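Q: Dropping the sequence and predicted coords here.
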Amino acid sequence: MKNKIIITGGTGYIGSHTAVEFINEGFEVIIVDNLSNSDISVLDSIKSITGVKPTFENIDLTDKNKTSIFFESNKDAVGLINFAAFKAVGESVKMPLQYYHNNLNILLNVLEGMNRFGIRNLIFSSSATVYGLPDCFPLNENSTTKRPTSPYGNTKKIGEEIIEDFSKASINFKAISLRYFNPIGAHSSGNLGETPTGIPNNLMPFITQTALGLRDELKIFGNDYKTKDGTAVRDYIHVVDLAKAHVLALQRLIRNEVLENFEIFNIGTGIGYSVLDVIASFEKTTKQKLNYSFASKREGDVPILYASTSKAKEELNWNPILTLDDMTESSWEWEKKRNS
Ligand code: UFG
């Protein structure tokens with residue numbers, strides 16, 4: 001019999017790629033999502049890639065009662081991957097209460113459901129934003145966490161703290177938090193990718209939409225950072241490599257290979273690329289000329305952020321294999337396909 005797992009937020013960008021990797025590894029996947037920032041058609045896209053359409057439950061996980069009923073009928077699950085959350089950094093600054101309410105109540109209801117019905121293994125979708133404004137690089141999992149620059153980021157930091165406390169208090173419960181750096185890219189099938197609503201906040205979708213003519217030009221936020229070319233540096237990670245890290249992390253929990261009941265792993269490539277590096281890769285792989293200009297820095301942006309990924313390599317046996325060129329090219333293929 002297949003191991004059953006629950007993926008909350010499974011029709012979203014990272015959740016859907018993760019569902020594919022779990023199905024490919026022989027798991028039975030149950031997706032829970034309220035479709036607030038995703039589309040039901042993603043289920044057919046997952047089927048087109050894997051041959052399997054995951055079971056789907058449309059539930060708002062802030063609803064404690066409905067969440068509890070869901071857990072009762074899925075108590076045979078071996079684990080849960082929690083992606084369900086609001087994720088727009090800028091929006092969270094304008095609507096902090098909605099972000100705290102949504103992201104933290106989802107997490108609490110999920111933990112309570114897992115606790116009550118004996119589901120022991122959790123993977124939490126966290127972010128490098130928990131390092132706040134860092135002092136030194138590369139960032140490893142023992143680097144000091146600081147107050148994130150946005151309420152969104154703070155929900156990730158508080159979320160990790162809640163999970164850590166619960167994992168100490170509960171004998172059977174184990175969790176791994178994956179701190180993502182900058183996920184970009186799309187599935188090689190061209191059937192899954194990022195679908196931001198409205199004007200994109202993030203770099204990669206802004207680049208692809210500009211190249212397609214949906215936006216006039218990309219504004220590069222800042223060109224006088226103390227970096228090799230003056231533009232900010234990030235650790236971009238292909239969403240498919242990132243998705244695979246979730247499978248390895250859950251297998252580690254299931255096999256009880258953890259050293260502690262709550263573990264943290266950075267998920268990036270360990271390589272820092274500037275905004276101009278990303279543009280150069282995009283122009284090279286897609287043969288598109290990108291219209292861009294320089295603008296002032298974006299508030300809250302850090303100059304440089306990249307990971308030490310040795311812990312994930314050594315303990316999870318996870319090795320990202322896709323390059324920046326794979327990331328920019330697959331993002332472009334997805335953007336063209338979804339607009340065709
Ligand atoms: N950038 C531009 N122009 C744009 C958009 C972005 O120049 O139109 C620059 C940013 O200034 C930054 C880089 O491109 O230097 C990457 O920006 P993104 O918005 O794509 O990503 P961030 O690094 O700001 O944020 C990401 C995730 C967040 C997470 C954060 C953790 O999107 O969810 O990393 O550090 F919180």
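A: Everything's here; your move. All values reported here derive from a predicted model rather than from experimental measurement. Numbering: from 1, shown residues only.
Q: What's the separation between the closest residue to the ligand within the stretch 1-150 of the chain and residue 309?
A: Among the residues of the stretch 1-150 of the chain, residue 129 lies nearest to the ligand; the distance is 3.4 Å by Cβ to the nearest ligand atom. For every residue, glycine as well, the C-beta is placed using N, CA and C. For residue 129, the distance to residue 309 equals 17 Å [Cβ to Cβ, to the nearest Å].
Q: Which one of the two is surrounded by more residues?
A: For the pair residue 129 and residue 309, the greater number of neighbours falls to residue 309 (27 against 24), based on other Cβ atoms under 10 Å.
Q: how near is the more buried one to the ligand?
A: Counting by Cβ to the nearest ligand atom, to the nearest Å, the gap from residue 309 to the ligand is 15 Å.
Q: How confident was the prediction at that residue?
A: Among the per-residue scores, residue 309 holds a pLDDT of 95.
Q: What residue, apart from its backbone neighbours, is nearest it spatially?
A: residue 270 (4.4 Å; Cβ to Cβ, 6 or more residues apart in numbering).
Q: Could I get the contacting residues of the one you found?
A: Contacts for residue 270 were tallied using Cβ atoms under 8 Å, 6 or more residues apart in numbering; they are 138, 235, 306, 307, 308, 309, 310.
Q: how about it, phi and psi?
A: Residue 270 has phi and psi values of phi 90, psi 0 when expressed as degrees, to the nearest 10.
Q: The stretch 1-150 of the chain: strands as residue ranges?
A: In chain order, the stretch 1-150 of the chain shows strands spanning 4-8, 28-33, 55-58, 79-82, 121-127, with DSSP state E, counting those that start in this stretch as the criterion.
Q: now these in CSV, with mean neighbour count?
A: Converted to CSV, the strands of the stretch 1-150 of the chain look like this (neighbours: other Cβ atoms under 10 Å):
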stretch, mean neighbour count
strand 4-8, 25
strand 28-33, 24
strand 55-58, 16
strand 79-82, 27
strand 121-127, 25
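Q: could you dump these to TSV with mean pLDDT and distance to residue 315?
A: What follows is those, written out as TSV (pLDDT from 0 to 100; distance: least, Cβ to Cβ, whole Å):
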stretch	mean pLDDT	distance to residue 315
strand 4-8	98	21
strand 28-33	98	25
strand 55-58	98	31
strand 79-82	98	18
strand 121-127	98	14
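Q: export those to CSV and tack on distance to the ligand?
A: Converted to CSV, the strands of the stretch 1-150 of the chain look like this (distance: least, Cβ to the nearest ligand atom, whole Å):
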stretch, distance to the ligand
strand 4-8, 17
strand 28-33, 18
strand 55-58, 25
strand 79-82, 15
strand 121-127, 4
